[in-house]
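# Need a 3D model of the sequence below.
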Amino acid sequence: MKVYLFQQDGRSKFYGSISALCLDLGLSVHTLYKHDFKNKYDGKDFQIEMGTVLTIGDVKKTKLPEVKQVKKSPLLDDLPLPEPTKQTNLKVNIQDGTYIKKPDGYYFKLNGLTFHENEFFTKYGEKYSYPEKIIGDIPDLLYSLTAI
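Predicted coordinates:
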């Protein structure tokens, strides 16, 4: 369906026919019928442009390609799944002389070095007790020498 766009002083109106446009604006029907609307019609202080209104019937529907289903091999179902690996993150932002509990264990920072709990207790286990809090100072974990 053809539509005519009338623009004047920054305002726009749409018309479904040249006859309706001319009747509303008081223009000559014969002048506009002679005009080839491949280009705009420029009046003294207005412009008329023709366009096309598309309906759902005009628009072609495109189909997406179907995704093929991959058949599982029965051999793959019999294979054991690998054990999930624990992620160790040594870039734990904690202050020197403190510890923090993360999902994969405790982290300790001592003398500028960050240790996972396994490394820490292997190296310093004789001096330190296991933490009871989520966050704390490493000196608080020192075994009390008076308790011995």
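# Show the residue spans covered by the helices in this structure.
Along the chain, the stretches classed as helices by DSSP state H are 18-25, 29-34, 74-78, 117-124.
# Looking at those helices, spot the one closest to D96.
Counting by Cβ to Cβ, D96 lies closest to helix 117-124 out of the helices of the chain; the figure is 13.7 Å. In short, each C-beta sits where N, CA and C put it, glycine included.
# Can you tell me what sits against that closest one?
Contact partners of helix 117-124, identified using Cβ atoms under 8 Å, 6 or more residues apart in numbering, comprise G105, Y106, Y107, F108, L110, F115, Y128, Y130.
# Now do the contacts for the first one.
When contacts are counted by Cβ under 8 Å, 6+ apart, G105 touches H116, E117, N118.
# what about Y107, distance to K2?
Applying Cβ to Cβ, to the nearest Å, the value for Y107 to K2 is 73 Å.
# Ignore what I typed, I meant L113.
78 Å.
# can you count the residues close to Y99?
25 (other Cβ atoms under 10 Å).
# same check, this time on K102
So K102, with other Cβ under 10 Å, has 15 neighbours.
# ok so, going back, turn the helices of the chain into TSV, columns for mean pLDDT, distance to I94 and mean neighbour count.
Shown next, in TSV, are the helices of the chain (pLDDT from 0 to 100; distance: least, Cβ to Cβ, whole Å; neighbours: other Cβ atoms under 10 Å):
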stretch	mean pLDDT	distance to I94	mean neighbour count
helix 18-25	83	75	15
helix 29-34	79	79	12
helix 74-78	54	43	7
helix 117-124	86	13	15
